[in-house]
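>>> Just to be clear, the model below is a prediction. Sequence and coordinates:
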Amino acid sequence: MAIQPDINSPETVLRRIDVIVDELLALRASVRNLIDSRPTKAESTNGAESVLDIVREAPGHQIFQSADDVKQYLSTERSAWDN
């Protein structure tokens, strides 16, 4: 019988946090690139766009369509950690 690693061990939780941080940093870099590639307010013909408009145009990173989708995903993840 193989020994199962403890999914709730501090090391496992820290690895999961590291993965989340890496994904957030990648998202931040994508948004920064989109913002930097946009015309400045003076160059824009109809004023500045909102940050939400810029993020909505970003490729990928559109896994969740609503706050309920996020809540469901987080609930599923938390349940997996508890089992």
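Great, that's in hand.
>>> quick one: low-confidence parts of the chain?
Applying pLDDT under 70 to the chain picks out residues 1-5, 39-47, 59-62, 83.
>>> Could you pull out the helices in it for me?
Counting by DSSP state H, the chain has these helices, from start to end: 10-37, 51-57, 67-82.
>>> so how far is the shortest one from its chain's centroid?
In this view, helix 51-57 has its centroid 14 Å away from the chain centroid, taken as CA atoms, centre = their mean, to the nearest Å.
>>> how close does the most centrally placed residue in the chain get to N8?
For the chain, the residue whose C-alpha lies nearest the mean C-alpha position (CA atoms, centre = their mean) is L24; its distance is 4.9 Å. Between L24 and N8 the distance is 23 Å, computed by CB to CB, to the nearest Å. (Each C-beta comes from the backbone N, C-alpha and C, glycine too.)
>>> In PDB, list the C-alpha atoms belonging to stretch 24-33.
The C-alpha trace of stretch 24-33 is given here as PDB (Å, rounded to 0.1, in the frame of the first residue of the first chain):
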ATOM      1  CA  LEU A  24      -2.200  36.200 -10.900                       C
ATOM      2  CA  LEU A  25       1.200  37.500 -11.900                       C
ATOM      3  CA  ALA A  26       0.700  36.300 -15.400                       C
ATOM      4  CA  LEU A  27      -2.800  37.900 -15.500                       C
ATOM      5  CA  ARG A  28      -1.300  41.200 -14.200                       C
ATOM      6  CA  ALA A  29       1.400  41.100 -16.900                       C
ATOM      7  CA  SER A  30      -1.300  40.500 -19.600                       C
ATOM      8  CA  VAL A  31      -3.400  43.400 -18.300                       C
ATOM      9  CA  ARG A  32      -0.300  45.700 -18.100                       C
ATOM     10  CA  ASN A  33       0.500  44.800 -21.700                       C
END
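>>> Perfect, I'm done here.
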